[in-house]
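A.B. asks: Need coordinates for the following:
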Amino acid sequence: MLFLTPVLVAVLCVVIVWIFKNADRSTERKKEEPRVRAEVHPWVDEDLKDSTDLHQAEEDTDKWQESEEEVEHISFSHTRYPEKEMVTRSQEFYELLNKRRSVRFISNEQIPMEVIDNVIKTAGTAPSGAHTEPWTFVVVKDPDVKHKIREIIEEEEEINYMKRMGQRWVMDLKKLRTNWIKEYLDTAPVLILIFKQVHGFSATGKKKVHYYNEISVSIACGILLAALQII
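C.D. replies: Just a heads-up that it's a prediction; the model follows:
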């Protein structure tokens with residue numbers, strides 16, 4: 001027994017060391033896990049994050065609500081179609097939008113400005129947070145300005161492909177054969193630039209919140225694409 005006691009002590013020491021090492025490894029894994037998760041999340045430009053401020057000063061909110069009471073409301077009107085006609089209209093609209101493609105080659109054929117005005121007005125019918133309509137549409141036709149826009153976009157897109165998006169995103173784009181070269185921005189007769197308004201101003205000149213400005217502008221862009229498919 002006296003001979004076995006040191007052996008048992010040695011075995012116990014080995015077991016204790018093994019337990020502590022495994023505990024340390026588990027702790028390290030837990031510390032590393034958030035970093036692994038962070039790497040798989042898609043990159044999002046800071047400018048594209050919704051900056052809705054839900055903690056605006058009460059003074060601004062009260063004054064904005066007072067001015068809203070003076071806004072005239074437009075009554076809703078809707079044409080109710082027979083069931084058969086509803087099916088036909090929905091099918092025709094689907095077939096029209098199903099022809100839409102995200103093309104990277106664009107015709108230089110001129111488009112009447114009245115058409116451009118109409119599709120932008122259509123996009124402006126989109127819903128928005130608290131009906132703030134936080135968008136600005138800018139039409140560019142000047143060739144020099146279009147080229148400057150192309151240079152800015154290509155510079156940012158090259159950084160996206162080389163650094164920001166990550167290997168998985170870039171690999172997923174390979175099948176689409178896209179890159180940061182956007183020659184069609186020079187070719188297109190008209191560019192429509194879309195900007196989000198992160199805030200507006202009340203009648204008193206105070207800043208007012210544009211709720212869900214990023215989401216609202218995204219919906220407007222979707223409606224714009226649908227309207228462009230008609231022409």
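A.B. asks: Average pLDDT for stretch 134-151, rounded please.
C.D. replies: For stretch 134-151, the mean pLDDT works out to 97.
A.B. asks: Could you tell me how many residues sit around Ser102?
C.D. replies: By other C-beta atoms under 10 Å, 7 other residues sit near Ser102. C-beta coordinates here come from the backbone N, C-alpha and C atoms, glycine included.
A.B. asks: whoops, Arg164 was the one
C.D. replies: Arg164 is flanked by 15 other residues according to other C-beta under 10 Å.
A.B. asks: What of Thr136?
C.D. replies: Residues lying near Thr136 (other C-beta under 10 Å) number 11.
A.B. asks: SS state for it?
C.D. replies: Assigned by DSSP: H, G, I helix; E, B strand; the rest coil, the conformation of Thr136 is strand.
A.B. asks: Also Gly222?
C.D. replies: Classified using three-state DSSP, Gly222 is helix.
A.B. asks: and for stretch 111-126, what are the contacting residues?
C.D. replies: Residues outside stretch 111-126 that contact it (C-beta atoms under 8 Å, 6 or more residues apart in numbering): 133, 135, 137, 139, 189-190, 192, 216, 219-224, 226-228, 230-231.
A.B. asks: switch to 6 Å and redo it
C.D. replies: Applying C-beta atoms under 6 Å, 6 or more residues apart in numbering, the external contacts of stretch 111-126 come out as 137, 139, 189-190, 219-220, 223-224, 227-228, 231.
A.B. asks: Show me which of those are buried.
C.D. replies: 137, 220, 223-224, 227-228 (16 or more other C-beta atoms under 10 Å).
A.B. asks: As JSON lines, the residues you listed with distance to Ala126 would be great.
C.D. replies: Output for those, formatted as JSON lines (distance: C-beta to C-beta, whole Å):
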{"residue": "Phe137", "distance to Ala126": "11"}
{"residue": "Ala220", "distance to Ala126": "4"}
{"residue": "Ile223", "distance to Ala126": "5"}
{"residue": "Leu224", "distance to Ala126": "8"}
{"residue": "Ala227", "distance to Ala126": "11"}
{"residue": "Leu228", "distance to Ala126": "14"}
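A.B. asks: How about exporting stretch 163-178 as PDB, limited to the C-alpha atoms?
C.D. replies: C-alpha atoms of stretch 163-178 as PDB (Å, rounded to 0.1, in the frame of the first residue of the first chain):
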ATOM      1  CA  LYS A 163     -11.200  44.200 -48.900                       C
ATOM      2  CA  ARG A 164     -14.700  44.800 -47.600                       C
ATOM      3  CA  MET A 165     -16.900  42.000 -49.000                       C
ATOM      4  CA  GLY A 166     -14.700  39.000 -48.200                       C
ATOM      5  CA  GLN A 167     -13.800  35.900 -50.200                       C
ATOM      6  CA  ARG A 168     -17.100  34.100 -49.900                       C
ATOM      7  CA  TRP A 169     -19.100  37.100 -51.300                       C
ATOM      8  CA  VAL A 170     -16.600  37.600 -54.100                       C
ATOM      9  CA  MET A 171     -16.700  33.900 -55.000                       C
ATOM     10  CA  ASP A 172     -20.500  34.000 -55.100                       C
ATOM     11  CA  LEU A 173     -20.300  36.800 -57.600                       C
ATOM     12  CA  LYS A 174     -17.900  35.000 -60.000                       C
ATOM     13  CA  LYS A 175     -20.700  33.100 -61.700                       C
ATOM     14  CA  LEU A 176     -22.200  36.500 -62.500                       C
ATOM     15  CA  ARG A 177     -18.900  37.700 -64.000                       C
ATOM     16  CA  THR A 178     -19.100  41.000 -62.300                       C
END
